[in-house]
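In: can you look at this prediction? I've put the sequence above it.
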Amino acid sequence: MRKVLLAVFVLIVLLAIGSVRFLSRADSRPDYVPDEATAIRIAEAVLIPLHGERQVEAQRPYTVSSPEKGYWLVSGSAPKGQFGGTFAVWIKKQSGCISNISHTK
């Protein structure tokens with residue numbers, strides 16, 4: 001019985017150590033989207049096929065911020081003298097994946 005308890009204890013300790021290593025390694029990976037310029041290029045690559053180059057470029061200058069840890073938010077600006085919505089693209093810093101695309105009204 002002691003050997004079984006010891007084996008279970010060792011197994012639990014090894015699993016705990018493995019999960020700590022896995023979680024710490026995931027947080028230490030470099031961001032694939034390290035800066036605002038890269039975030040803009042990714043946003044344009046996604047938006048141009050959806051809305052057209054002319055409409056996307058009309059919303060320059062873009063606003064880039066990081067309101068949540070781990071994400072870039074790339075937003076368009078309304079063209080001067082024009083009212084209407086602008087795009088917003090959420091990009092995950094660590095993977096470059098698009099989390100959300102929206103268009104305000």
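Out: Sure, I can see it.

In: CA only for contacts and neighbour counts going forward, please
Out: Noted.

In: how is the chain divided into domains?
Out: For the chain, automatic domain parsing gives the domain ranges 1-30, 36-103.

In: so what's the gap between the longest one and the chain middle?
Out: This means domain 36-103. Relative to the centre of its chain, domain 36-103 is centred 12 Å away, using Cα atoms, centre = their mean, to the nearest Å.

In: could I get the average pLDDT for the host helix or strand of residue 9?
Out: For residue 9, the element it lies in under DSSP states H and E is helix 2-28. Mean pLDDT, helix 2-28: 71.

In: what's the following helix or strand after that helix?
Out: helix 36-51.

In: can you mark which positions in that following helix are buried?
Out: Neighbour counts over helix 36-51 (16 or more other Cα atoms under 10 Å) mark 36, 39-40, 42-44, 47 as buried.

In: what's it in contact with?
Out: The contact list for helix 36-51, computed with Cα atoms under 8 Å, 6 or more residues apart in numbering, reads 33, 56, 62, 64-65, 72, 74, 89, 91, 96.

In: spatially central residue for this structure, please.
Out: residue 92 (0.7 Å; Cα atoms, centre = their mean).

In: nearest spatial neighbour of it, skipping sequence neighbours?
Out: Leaving aside its chain neighbours, residue 92 sits nearest to residue 71 (4.5 Å; criterion: Cα to Cα, 6 or more residues apart in numbering).

In: need phi/psi at that neighbour.
Out: Here is the backbone geometry of residue 71 (degrees, to the nearest 10): phi -130, psi 150.

In: quick check: it vs residue 31, distance?
Out: Using Cα to Cα, to the nearest Å, residue 71 is found at 10 Å from residue 31.

In: more neighbours: which of those two?
Out: Comparing residue 71 with residue 31 by other Cα atoms under 10 Å, the one with more neighbours is residue 71, at 22 against 14.

In: residue contacts, that one?
Out: 90-93.

In: between those, which sits nearest residue 100?
Out: The nearest member of those to residue 100, counting by Cα to Cα, is residue 90 at 5.1 Å.
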